[in-house]
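# Here's my sequence, what's the structure:
(one chain, ligands or ions: 1)
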Amino acid sequence: MLRSHTCGDLNISDKNSSVVLSGWVQKIRDKGFMIWVDLRDRYGVTQLIFDSERTPKNVFEAAKTLGREFVIQVHGTVIERESKNKHIPTGDIEVLVETLQVLNASKTPPFTIENNTDGGEDIRMKYRYLDIRRNPVKESLLFRHRVSMEVRNYLSTSGFIEVETPCLIKSTPEGARDFVVPSRMNSGEFYALPQSPQTFKQLLMVGGMDKYFQIVKCFRDEDLRADRQPEFTQIDCELTFVEQDDILNTFESLTKHLLKTLKGVDVAAFPRMTYNDAMRRYGNDKPDIRFGMEFGELNTLAKGKGFQVFDKQELVVGIAVPGAATFTRKEIDKLIDWVKRPQIGANGLVWVKYNEDGSYKSSVDKFYSQEDLSKWADTCNAQAGDLLLVMAGDTSATRSQLSALRMEMGERLGLRKPDEFAPLWIVDFPLLEWDAETERFHAMHHPFTAPKPDQVSLLETKPEKVYANAYDLVLNGNEIGGGSIRIHDQKLQQRMFDLLGFTKEEAKAQFGFLMDAFQYGAPPHGGIALGFDRLVAILDGKETIRDYIAFPKNNSGRDVMIDAPAPIDTNQLEELALTINKY
Ligand code: ASP
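Residues are numbered from 1 along each chain as shown. Predicted coordinates for the structure are as follows:
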């Protein structure tokens, strides 16, 4: 028997029991005549005591040779501690050791295995198996497991069944680049790793599976933005005979269930906001609504007053930052520098202080009266004591710049509270998006998304005006899910491919299987996918998904522990009929 208990099990009720424990040496305190060792495993820490009087001499001597992270096994007796530790469940007892066996020695770890480690990100990733021994990482993985169990139980109780779909598939356009895998048996041909199981889950609906889910790995070869992983996990779902509302209700209930069971938080019905409203009110299609600072559009108030900087712009728009009228000129200048950085790219910032005494002081006092400024303040919902920050320019760029500033101010003022949850649905996305560079329409969600049923004919005349039955689930300023009602009519799907610039042949070559299937009684269907890694992180009050993935990749897409990606040897290349040209 390697252990009778774990290192988290024992307490005062076990006093005088003979026990066997195994684990890692966390800490050693050697007082000469007495040695204490903290023994750790996944379940906790138990204090061992080696006493020169009560422990056999050879065992006591052996204890002196232990080092951090040695794996040991001990036999001993549970005794009551003299000085108790109220902070841990095993804090009332210690184990007086009778025998000691070193199961494996350890080199000194390259960083401390403590909650606050001295190891930087790179070294921790290289020795991730040691990092996982640390409580914060271990707890994140345990939390992830709990979320996945809740999701699985909830969905299967609601009649969903988990079906696995293949990982070796064909390249499909879903917005990102595919990772490809050369086929040895079909020389010169390639599989692609799925960006999502989209077409397969639709085919499962054609196959009559009715309600599908899968907690599934997806792969996207994107230029890595901060906190994106090339392989990530989705909770992927599809349902038959449903309309948009059915899906929103089902996944709203799932999200509420997770918030309730995992966080003890009750949230009211999720607001449903159209894409256009979200862009107008927050400049963003994933607004953080834990705080206000809604946009106030100032075009009619700010233009035509002689301030030429505004006159020629498409949009003049502001936010009221609560309580920030006390900012000094220096602090405001810093904000102006912040928005002018290339990452934000704004031309500048006009500011208006709405002083506590009801007066206004602004950077544009020459052009606007106190009355003008009071109207601005009204439009931005400002209170006395607030600071208005106003930007102007092209509508879409200005909105996204002001949105970045709004989030920054929310962060700085502590309004983005990790233990507060503000989910909402964004609905009525445009179906198509014009890409000026390629002079083509792109599907805003993906090519399988259905237009609003009453707008199908508009596809022929004004496709850019058509809205989709598509929706996103947003939580605390993060898009945590998205989906749509799908096209299930072969002709409409064909028309969609036309609009997206596929020739008939291209559409057939890439999606012939789907359009074939649509001719054999494809039912109305729709679905959604939630980003599992991010959902877990946000539920845990964090935003970094890397912490919730056992073996994540770094910002260059590398696994620094196993050192991948890596070259393969010439034999392998030959077998695959591949040659590498190095430039
Ligand atoms: N396949 C989509 C995605 O991965 C989600 C969906 O439409 O269900 O974003």
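# going forward, measure contacts between C-alpha atoms and count neighbours the same way
Will do.
# if I read this right, Phe232 contacts Lys217, doesn't it?
Yes: shown here, Phe232 and Lys217 form a contact pair, counting by Cα atoms under 8 Å, at 5.5 Å.
# Assumed Leu21 was part of a helix.
No: counting by DSSP: H, G, I helix; E, B strand; the rest coil, Leu21 is not part of a helix but strand.
# and it, what is it in contact with?
Leu2, Arg3, Ser4, His5, Thr6, Cys7, Gln73, Val74, His75 (Cα atoms under 8 Å, 6 or more residues apart in numbering).
# can you map out the strands along the stretch 101-250 of the chain?
161-162, 180-182, 190-192, 211-219, 231-240 (DSSP state E, counting those that start in this stretch).
# Put together a markdown table for the ones you listed, with distance to Ala564 and mean pLDDT on each row.
Putting the strands of the stretch 101-250 of the chain into a markdown table (distance: least, Cα to Cα, whole Å; pLDDT from 0 to 100) gives the following:
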| stretch | distance to Ala564 | mean pLDDT |
| --- | --- | --- |
| strand 161-162 | 31 | 98 |
| strand 180-182 | 15 | 96 |
| strand 190-192 | 18 | 96 |
| strand 211-219 | 15 | 98 |
| strand 231-240 | 13 | 98 |
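# Nearest to Leu514 among the ones you listed would be which one?
strand 231-240 (15.5 Å; Cα to Cα).
# Which elements pack onto that closest one?
Identification of packing neighbours for strand 231-240 by 3 or more Cα pairs under 8 Å, 6 or more residues apart in numbering; DSSP states H and E yields helix 198-206, strand 211-219, strand 525-531, helix 532-539.
# Go again with 10 Å.
Other elements packing on strand 231-240 under the criterion 3 or more Cα pairs under 10 Å, 6 or more residues apart in numbering; DSSP states H and E are helix 135-157, strand 161-162, helix 198-206, strand 211-219, helix 244-263, strand 478-485, strand 525-531, helix 532-539.
# before we move on, back to that, so among the contacts of Leu21, where is pLDDT lowest?
pLDDT across the contacts of Leu21 is lowest for Leu2, at 94.
# Run through the residues that contact it.
Each residue near Leu2 by Cα atoms under 10 Å, 6 or more residues apart in numbering is listed here: Val20, Leu21, Ser22, Gly23, Ile72, Gln73, Val74, His75, Leu103.
# which of the residues you listed are buried?
Buried members of the contacts of Leu2, scored by 16 or more other Cα atoms under 10 Å, are Val20, Leu21, Ser22, Gly23, Ile72, Gln73, Val74, His75.
# pLDDT score assigned to the closest residue in space to the last one that isn't next to it in sequence?
Distance criterion Cα to Cα, 6 or more residues apart in numbering; nearest residue to His75, sequence neighbours excluded, is Val20 at 4.6 Å. Among the per-residue scores, Val20 shows a pLDDT of 98.
# Arg228 too?
At Arg228, pLDDT is 86.
# Okay, now the unreliable bits of the stretch 401-550 of the chain?
The stretch 401-550 of the chain contains no residues with pLDDT under 70.
# need the residues of it near the ligand, please.
Gly482, Gly483, Ser484, Gly527, Ile528, Ala529 (Cα under 6 Å from any ligand atom).
# one step back: kindly reformat the helices and strands packed on strand 231-240 as a markdown table containing mean neighbour count.
As requested, the helices and strands packed on strand 231-240 are exported to a markdown table (neighbours: other Cα atoms under 10 Å):
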| stretch | mean neighbour count |
| --- | --- |
| helix 135-157 | 17 |
| strand 161-162 | 17 |
| helix 198-206 | 21 |
| strand 211-219 | 21 |
| helix 244-263 | 16 |
| strand 478-485 | 22 |
| strand 525-531 | 25 |
| helix 532-539 | 23 |
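# Save these as a markdown table, and put in distance to Ile93 too.
Formatted as a markdown table, the helices and strands packed on strand 231-240 follow (distance: least, Cα to Cα, whole Å):
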| stretch | distance to Ile93 |
| --- | --- |
| helix 135-157 | 21 |
| strand 161-162 | 45 |
| helix 198-206 | 54 |
| strand 211-219 | 42 |
| helix 244-263 | 31 |
| strand 478-485 | 45 |
| strand 525-531 | 43 |
| helix 532-539 | 35 |
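# Among the ones you listed, which comes closest to Ile35?
helix 135-157 (24.1 Å).
# Show me how far the closest one is from its chain's centre.
For helix 135-157, the separation from the chain centroid amounts to 15 Å (computed by Cα atoms, centre = their mean, to the nearest Å).
# do stretch 434-443 as well
28 Å.
# need the helices for the stretch 1-150 of the chain, in chain order.
57-63, 121-126, 128-131, 135-157 (DSSP state H, counting those that start in this stretch).
# no, scratch that, I was asking about the stretch 251-400 of the chain
275-282, 299-302, 308-311, 329-340, 370-379, 395-412.
# which parts of the chain sit against the ligand?
Residues of the chain that fall close to the ligand, judged by Cα under 6 Å from any ligand atom: Ser196, Gln198, Gly482, Gly483, Ser484, Gly527, Ile528, Ala529.
# shared neighbours, Phe232 and Lys217?
Gln195, Phe532.
# Could you list which residues are in contact with the residue nearest to His75?
Counted by Cα under 10 Å, 6+ apart, Val20 has contacts 1-7, 73-77, 95, 97, 99-100.
# 8 Å instead, please
Met1, Leu2, Arg3, Ser4, His5, Gln73, Val74, His75, Gly76.
# Rebuild those residues as JSON lines, extending it with distance to Ser171.
Output for these, formatted as JSON lines (distance: Cα to Cα, whole Å):
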{"residue": "Met1", "distance to Ser171": "52"}
{"residue": "Leu2", "distance to Ser171": "50"}
{"residue": "Arg3", "distance to Ser171": "50"}
{"residue": "Ser4", "distance to Ser171": "52"}
{"residue": "His5", "distance to Ser171": "51"}
{"residue": "Gln73", "distance to Ser171": "52"}
{"residue": "Val74", "distance to Ser171": "55"}
{"residue": "His75", "distance to Ser171": "58"}
{"residue": "Gly76", "distance to Ser171": "60"}
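# Go through these and say which is closest to the ligand.
Looking at those and their distance to the ligand, the nearest is His5, at 43.9 Å (Cα to the nearest ligand atom).
# what's the burial count for that closest one?
Neighbourhood size, His5 [other Cα atoms under 10 Å]: 12.
# which non-adjacent residue is nearest it?
His5's closest residue in space is Leu21 (Cα to Cα, 6+ apart), at 6.0 Å.
# Tell me which residues touch the closest residue to Glu543 other than its chain neighbours, please.
Counting by Cα to Cα, 6+ apart, Glu543 lies nearest to Ala537, which is 5.6 Å off, once chain neighbours are set aside. Under the criterion of Cα under 8 Å, 6+ apart, the neighbours of Ala537 are Glu543, Thr544, Ile545, Asp547, Tyr548.
# Highest neighbour count among these?
Going by other Cα under 10 Å, Tyr548 tops the contacts of Ala537 with 26 neighbours.
# So in terms of bridging, what pairs with the residue nearest to His5?
Beta bridges link Leu21 to Val74 when assigned by DSSP bridges.
# any idea how far it lies from the ligand?
Here Leu21 is placed at a distance of 46 Å from the ligand (Cα to the nearest ligand atom, to the nearest Å).
# Same check on Ser374?
Ser374 is 44 Å from the ligand, by Cα to the nearest ligand atom.
# Next, find the distance separating the closest residue to that residue other than its chain neighbours from Ile215.
Closest residue to Ser374 apart from its sequence neighbours, by Cα to Cα, 6+ apart: Tyr360 at 7.6 Å. According to Cα to Cα, to the nearest Å, Tyr360 stands 55 Å off from Ile215.
# what does stretch 561-577 contact?
With Cα under 8 Å, 6+ apart as the criterion, stretch 561-577 contacts Met125, Lys126, Tyr127, Arg128, Pro182, Ser183, Arg184, Ser187, Gly188, Arg558, Asp559, Thr579.
# Check which helix or strand the closest residue to the last one other than its chain neighbours maps to.
By the measure of Cα to Cα, 6+ apart, the closest residue to Thr579 outside its immediate chain neighbours is Leu573, 6.5 Å from it. Of the helices and strands defined by DSSP states H and E, Leu573 is found in helix 570-575.
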